[in-house]
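J.: Here's my sequence, what's the structure:
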Amino acid sequence: MSPRIIASGISLAVVVRGWNQDVHYASAKLTEDLLDEGALDALLQKRGDLTYYINWPDANHRAGSMSGDPNRFGWSLFSHFVNSEPGEPYDPVKARETRTVNEKGESRETPNAVNSMIHFHDKLLHYKSFELLDYVSEKMKAADKALYDAQPVDFLKNTVLERFKREATYSISHYFQDIHNPFHCADAHDMGGFKHTMVCQFCEDRLKRTNIHSVWDADMFDHELREVFEYDYVDQMENFELDRYPFAQKLYYLMKERYQRLEETKPEQLEEWTAQCSGDFGRCIDTAVGETREFYVDNEKELYAGEKDGVVTKAYLDKYLEKAFEQVIKASVRLAAALNKMAKDLSETKGEKQRDEPAPTSPPPKMRANRSPARERSRSRSRSPVKKH
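T.: Below is the predicted model of the structure:
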């Protein structure tokens, strides 16, 4: 893979969260409201619940997590991002590449959100034929085969295949939510804003040390939930793997209220988001990532809220909170359309793939989108060592 589209870096030592846990839950819950009858039964299992394991992809690559499975998912740390070189637009061709070769001829896997979602989409539609599929991670392919082969009877082998299907659905859903966060389609050099440490002035502790990535993941939504729960509220980053149902459910209600306002005031916007993801999933992904990346590039200076180790003020919250809500709602609407299409496609494939069957998503366009003037200015700035403003 070209260095233009890379994960957030081999040295990523932070706990990766996309949108944070309450946000992923609220988004998944809103998506469920928009799904066709029977879609989740097909994609998960009878009476399936999209919210139940929606946060599992944030934990499955970590050995320290109770739901960790690093032997199979250790590679997927990078599947939450589609980071690029400074000022560069999203490149759908490069994003689909799964390996890169350095100057010494050494090859390594280069997972990102795009090629990971395309893999899991293929796996969802053809989970019974997983051995015929291209994987982002060869280690995972070998581990999947070992897990399947280790089952002594057909009944248990079938349960493994059904597990593969559910894992694919949750992985697609989680990563798709992530790509609507501007700092998941950001710059590689600062790990999508994780290195841009800040003091959060609007947080409960006004001296709280955070980073600009976490401001978007959690801190802005924490502020809204704290307004409701007051002293009973616990910040998302301080409370992993414990029951957050009251908080997550309230955030869903806040999302739902905003969605209903859009139904009344901008129904054509909801229709557009639905149409964008009712067809080919590859094009749906490219639309979402391209749009999020463009928003990041065109607003980079303001998004970073000043120099590293500066202060994120209440004014920043007031400026971007509703945009953050909009991005989550947009992800929910698009995901519902995409999952509805996948459920219909799965009814045709029945989980099996023929050896000569084409890929389930169309190849990306060969031509890149034209750069906007703001992109060109950002690209020009990036030719020298980058300094955040």
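
J.: mind listing the strands in the stretch 251-389 of the chain by residue range?
T.: 310-312 (DSSP state E, counting those that start in this stretch).

J.: Do a quick rundown of the helices in it.
T.: Secondary structure of the stretch 251-389 of the chain by DSSP state H, counting those that start in this stretch: the helices cover 267-276, 281-298, 300-303, 314-349, 373-381.

J.: Pick the most deeply packed of those helices.
T.: helix 281-298 (a mean of 22; mean count of other CB atoms under 10 Å). The way it works is simple: take the backbone N, C-alpha and C, and place the C-beta from them, glycine included.

J.: Quick one: distance of that one to the chain centre.
T.: Remark: helix 281-298 is offset 12 Å from the chain centroid, using CA atoms, centre = their mean, to the nearest Å.

J.: rewinding a little: closest one to Ala188 among the helices of the stretch 251-389 of the chain?
T.: Closest of the helices of the stretch 251-389 of the chain to Ala188 is helix 281-298, at 12.2 Å (criterion: CB to CB).

J.: Now do that closest one against helix 314-349, angle only.
T.: Angle between the axes of helix 281-298 and helix 314-349 is 170 degrees (criterion: axes from the mean of the first three to the mean of the last three CA atoms, to 10 degrees).

J.: Now do helix 281-298 and helix 267-276, the angle between them.
T.: Going by the same axes, to 10 degrees, helix 281-298 is angled at 130 degrees with respect to helix 267-276.

J.: Let me know the average pLDDT across helix 281-298.
T.: Mean per-residue pLDDT for helix 281-298: 98.

J.: Glu109 - how many residues pack around it?
T.: Residue neighbour count, defined by other CB atoms under 10 Å, stands at 18 for Glu109.

J.: Same list, the helices of the stretch 251-389 of the chain, but as JSON lines with distance to Gln249 please.
T.: What follows is those, written out as JSON lines (distance: least, CB to CB, whole Å):
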{"stretch": "helix 267-276", "distance to Gln249": "23"}
{"stretch": "helix 281-298", "distance to Gln249": "26"}
{"stretch": "helix 300-303", "distance to Gln249": "29"}
{"stretch": "helix 314-349", "distance to Gln249": "15"}
{"stretch": "helix 373-381", "distance to Gln249": "39"}
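
J.: Of those, which is nearest Ser171?
T.: helix 314-349 (12.3 Å).

J.: out of everything not next to it in sequence, what's closest to Glu224?
T.: Spatially, and ignoring its direct neighbours in sequence, Glu224 is nearest to Leu254 (6.5 Å; CB to CB, 6 or more residues apart in numbering).

J.: Show the contacting residues for the one you found.
T.: 26, 224, 325 (CB atoms under 8 Å, 6 or more residues apart in numbering).

J.: switch the cut-off to 10 Å
T.: 26, 221, 224-225, 228, 325, 328 (CB atoms under 10 Å, 6 or more residues apart in numbering).

J.: repeat for Asp232
T.: Contact analysis of Asp232 by CB under 10 Å, 6+ apart lists 225-226, 246-247.

J.: Which pLDDT value belongs to it?
T.: With respect to pLDDT, Asp232 has a value of 86.

J.: distance of it from Phe120?
T.: From Asp232 across to Phe120, the span is 37 Å (CB to CB, to the nearest Å).

J.: just to revisit the earlier point, of all the helices of the stretch 251-389 of the chain, which one is nearest Glu32?
T.: Among those, helix 314-349 sits nearest to Glu32 (CB to CB), with 8.0 Å.

J.: Shouldn't Cys203 be within a helix?
T.: No - checked against DSSP: H, G, I helix; E, B strand; the rest coil, Cys203 lies outside a helix; its state is coil.

J.: From what I see, it and Asp219 are in contact.
T.: Yes - in this structure, Cys203 is within contact of Asp219 by CB atoms under 10 Å, at 5.8 Å.

J.: Residue ranges in the protein under the pLDDT threshold?
T.: Applying pLDDT under 70 to the chain picks out residues 1-18, 66, 239-242, 358-360, 362-389.

J.: try 50
T.: For the chain, applying pLDDT under 50 flags the ranges 1-16, 367-389.

J.: hang on, the earlier thing: among the contacts of Leu254, which ones are in helices?
T.: Among those, the members found in helices (DSSP state H) are 26, 221, 224-225, 228, 325, 328.

J.: Of those residues, which pair is most distant in space?
T.: Farthest pair in the ones in helices among the contacts of Leu254 (CB to CB) is Val228 and Val328. Separation: 17.2 Å.

J.: Might you report the residue contacts of Lys256?
T.: Residues in contact with Lys256 (CB under 10 Å, 6+ apart) are 26, 29-30, 33, 329, 332.
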